[in-house]
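# Build the 3D model from these lines:
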Amino acid sequence: MPAISTDNFRYDINALRAIAIIGVVAYHYGIAGFSGGFVGVDVFFVISGFLISSHIIRDLKQSRFSFAAFYSARLRRIFPALAIMCMACAIWGWFYTLPKDYLAHTRHELEALLFVSNTVFSNERGYFDAASHTKPLLHTWSLSVEGQFYLFLPLFLAIVWRFARRYNVFITTGVFLASFAWCLYDSEVDAGAAFYQLATRAWEFMAGTLLALFALNKPSVVLSNIGSVIGLSLVCISIGWFNSSLLWPSYYALLPVAGSALLIVSGDALLTRWCFNSWILQRLGDISYSLYLWHWPVWVFAKPYVNTRLERELSQAETVGLIGLALMLAVLSWRFVEKPIRFKKGWWSSKRVWQGALITLSGFIALTIAAAVTKGFPNRLPDYIQRGFAAVALNTPRGECFRNQVSQKQAPEQFCQFGADNQQPSLLLWGDSHANMYLSALSNAANATGKTGYIATQTGCRATLANQPNDLTGAAGVSCTAFNNEVNAFVANNPQIQTVIIARMWGGGDSLTRTIQLINHLLEQGKNVIVVGPVPFLAFSVPEHWIYQQINAGQAINTLTDPITHQQHLFEFQTLAQQQLAAPLATGRVIWINPLQKLCKQTGCLLVNNGVSYFKDVTHLSEAGAMLFTEDFAGALRQ
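Residues are numbered from 1 along each chain as shown. This is a model prediction of the structure:
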């Protein structure tokens, strides 16, 4: 029986590429029935492992393998179309993205071109997190993994071929099993990071490498048909049945990997030939790489434009239109970038390809440095747009004293101080970032009243009694409990602390109960308590919403409000909390500062006033917004 063909064009593999890219695009565009379309990337990895390994092994057998030729071919195949897409994102972003976003995008573009974006994204957020889906270069993680695999694969195969040729299958199987074992472990321990890493993905490539090493003979017609149908079924079931709630990659990934391997082994099977050889699958297979490059930035740039500027969701017709746009860009990229550079080697010599890559990288390095120095080129936008960016860009008040999720801070002392100099501290600010945002206003009020206080704030950590549960998980939850234990002990051991200021991101249920319990405990210790109530909770980032509103209007907008009815649940929640503290509120032992009352009138809740944003995001007040409460704090401290 003839061996599986690797030298001739494989129409079945080209069709498999098409199926993979259909799944990826449909999943990203939210099309029903493709909830597991992300497995298309796993399919691509198996295909790449098989084809690239086959070429390397063939050249090793013929003693003609060249590292220089291999890396030149890979650069020629991947880099040019990727570079054009990155350039387009940089140009689009110049006109339509905010400075902070443009700064992040330029960095991600450079990381993509250096094939390290997977390591960067693994340190930011999980692939399936909503926030990750605002990054136009997110999809380049898979190209980085592939690029890293191409860096190590020829070295691995060449060394094994040179020193342990008889055992190449066993050694490769060992690498496959080691990677798969690490994949299972790391997916349980840190699924967000495991998704992006070569170590947890290498087994998918190595599955293809093993197929190439075994040099399997093409199966009989019957077995070929059976294998092809089963393989196609496994891939399609994965695309249609899996979803983002699964740990990925994990043992679930065996399904699409096994399906892809069966399809590769089965070759041009009679039962699937009619489908695989169809014109549409073959053309989609041809442009699969370019379509993968373009479909995601098209979606990422278009969706927030409609959501934020037009204040609605994309319609089905618009989604279809975006798919059409991505297809058009993919065809243009394939026709005028991929094909000429891959096949017209007379002009596009290896030397010119490498020179072009170095020039491109140099340009993006310069762009990234300039973006970092200017903080995203804010001057490219009108002055009235920059006002919104200024609200976002302000640093955290006394950031050196604000603890991160694992209770680390830059300042060496246990608790920093604020307020008047040369006074014994009698105040303590305690809470999460919603407490820390008032620090400038509180410090000014303390100065005005001749008082000094301690800063006890940690990101995401609401104040509670010692050893009480909190709303955080993992290391952050453990750290929050330890932090609150530390603060409780500090308050108990420092009787000079007379007043505790508690502010937090407010919520009901057990969280509210724990806050009431803490306040009552502080009152029993003889402390006075200042409670800062909730601020309006919005469905959008105020500065960004304000910016886009002004872009739509083509002029400055100096006042922006949100309907007060959107905050009705917070008014009801605040009333419930105040009822539980009615007695100490009546005696003045507890003073309630009311942001809702100050910011919200019958005409709406004030978000922007006189060209100044009172918010820096969805729930946090800006410096200007927080400073509105200076007199409220001063009045409370005087009582």
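# Mind listing what's buried along stretch 368-386?
Neighbour counts using 16 or more other CB atoms under 10 Å place 368, 371, 376-378, 381, 384-386 of stretch 368-386 among the buried residues. All C-beta atoms are positioned from the backbone trio N, CA, C, and that covers glycine.
# next one: stretch 279-288
With burial defined by 16+ other CB under 10 Å, the residues of stretch 279-288 counted as buried are 281, 284-288.
# What is the nearest of those residues to Ile323?
Leu284 (11.7 Å; CB to CB).
# taking the mean pLDDT, what do you get for the helix or strand hosting Phe364?
Under the criterion of DSSP states H and E, Phe364 resides in helix 350-374. Helix 350-374 shows a mean pLDDT of 95.
# Over to stretch 625-637?
Average pLDDT, stretch 625-637: 96.
# in it, what's buried?
Applying a neighbour-count criterion of 16+ other CB under 10 Å, one finds 625-626, 628-630, 632-634, 636-637 buried in stretch 625-637.
# so Ser142 sits right up against Phe44, yeah?
Yes: applying CB atoms under 8 Å, one finds Ser142 in contact with Phe44, separated by 7.1 Å.
# and the buried residues of stretch 625-637 as CSV, adding distance to Asn484?
CSV is the format used below for the buried residues of stretch 625-637 (distance: CB to CB, whole Å):
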residue, distance to Asn484
Gly625, 27
Ala626, 23
Leu628, 29
Phe629, 24
Thr630, 28
Asp632, 26
Phe633, 23
Ala634, 28
Ala636, 23
Leu637, 24
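# per-residue pLDDT, Phe128?
60.
# Please apply the same query to Ala435.
So Ala435 comes in at 96 (pLDDT).
# Can you classify it as helix, strand or coil?
Three-state call for Ala435 (DSSP: H, G, I helix; E, B strand; the rest coil): helix.
# quick check: mean pLDDT across the longest helix seen in the chain?
Once the chain is assigned using DSSP state H, the helix that runs over the most residues is helix 67-96. Mean pLDDT, computed over helix 67-96, is 94.
# In terms of residue numbering, what are the domains of the chain?
11-379, 396-534+566-594+629-638 (automatic domain parsing).
# In TSV, list these along with distance to Asn552.
Output for those, formatted as TSV (distance: least, CB to CB, whole Å):
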stretch	distance to Asn552
domain 11-379	5
domain 396-534+566-594+629-638	21
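# ok, back up a step: who does the longest helix of the chain touch, helix- and strand-wise?
helix 99-113, helix 140-163, helix 288-304, helix 316-333, helix 339-343, helix 350-374 (3 or more CB pairs under 8 Å, 6 or more residues apart in numbering; DSSP states H and E).
# Report how many residues lie close to Phe95.
Phe95: 9 surrounding residues under other CB atoms under 10 Å.
# Helix or strand with the lowest mean pLDDT in this structure?
Lowest on mean pLDDT, DSSP states H and E among the helices and strands of the chain sits helix 383-393, with a mean of 79.
# follow-up on the earlier one: which of the buried residues of stretch 368-386 sit farthest apart?
Pairwise over the buried residues of stretch 368-386, using CB to CB, the maximum falls at Thr368 and Tyr384, 27.4 Å.
# what about the strands in the stretch 501-639 of the chain?
Residue ranges of the strands in the stretch 501-639 of the chain, as given by DSSP state E, counting those that start in this stretch, are 528-532, 560-562, 590-593, 600-601, 604-609, 612-613.
# before we move on, back to that, closest one to Val221 among the helices and strands packed on helix 67-96?
helix 288-304 (28.2 Å).
# Relative to the whole chain's centre, how far out is that closest one?
Chain-centre distance of helix 288-304: 16 Å, with CA atoms, centre = their mean, to the nearest Å.
# Output stretch 271-290 in PDB, but only the C-alpha positions, please.
Output of stretch 271-290 as PDB, limited to C-alpha atoms (Å, rounded to 0.1, in the frame of the first residue of the first chain):
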ATOM      1  CA  LEU A 271     -17.200   9.000   1.700                       C
ATOM      2  CA  THR A 272     -15.800  12.500   2.500                       C
ATOM      3  CA  ARG A 273     -14.300  13.400  -0.900                       C
ATOM      4  CA  TRP A 274     -17.500  14.900  -2.300                       C
ATOM      5  CA  CYS A 275     -17.400  17.400   0.700                       C
ATOM      6  CA  PHE A 276     -13.700  17.900   1.000                       C
ATOM      7  CA  ASN A 277     -13.100  18.600  -2.700                       C
ATOM      8  CA  SER A 278     -15.900  21.100  -2.900                       C
ATOM      9  CA  TRP A 279     -15.000  24.500  -4.300                       C
ATOM     10  CA  ILE A 280     -16.000  26.500  -1.200                       C
ATOM     11  CA  LEU A 281     -14.000  24.300   1.300                       C
ATOM     12  CA  GLN A 282     -11.000  24.400  -0.900                       C
ATOM     13  CA  ARG A 283     -11.100  28.200  -1.300                       C
ATOM     14  CA  LEU A 284     -11.700  28.600   2.400                       C
ATOM     15  CA  GLY A 285      -8.700  26.300   3.000                       C
ATOM     16  CA  ASP A 286      -6.600  28.400   0.700                       C
ATOM     17  CA  ILE A 287      -7.300  31.700   2.600                       C
ATOM     18  CA  SER A 288      -7.600  30.100   6.100                       C
ATOM     19  CA  TYR A 289      -4.500  31.700   7.400                       C
ATOM     20  CA  SER A 290      -5.400  35.200   6.200                       C
END
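# quick one: average pLDDT of that stretch?
Mean predicted confidence for stretch 271-290 is 94.
# Give me the contacts around that stretch.
Stretch 271-290 is contacted by residues 11-22, 78, 81, 225, 228-229, 232, 263, 266, 268, 291, 327, 329-331, 333-334, 337-338 when judged by CB atoms under 8 Å, 6 or more residues apart in numbering.
# Repeat that for stretch 503-514.
Counting by CB under 8 Å, 6+ apart, 429, 431-435, 437-438, 462-465, 468-469, 471, 515, 531-534, 570, 573-574, 576-577, 619 sit against stretch 503-514.
# Ok, stretch 488-496 next?
With CB under 8 Å, 6+ apart, stretch 488-496 has contacts from 414-415, 424-426, 428, 454, 456, 465-466, 497, 500, 522, 525, 527.
# Good, we can wrap up now.
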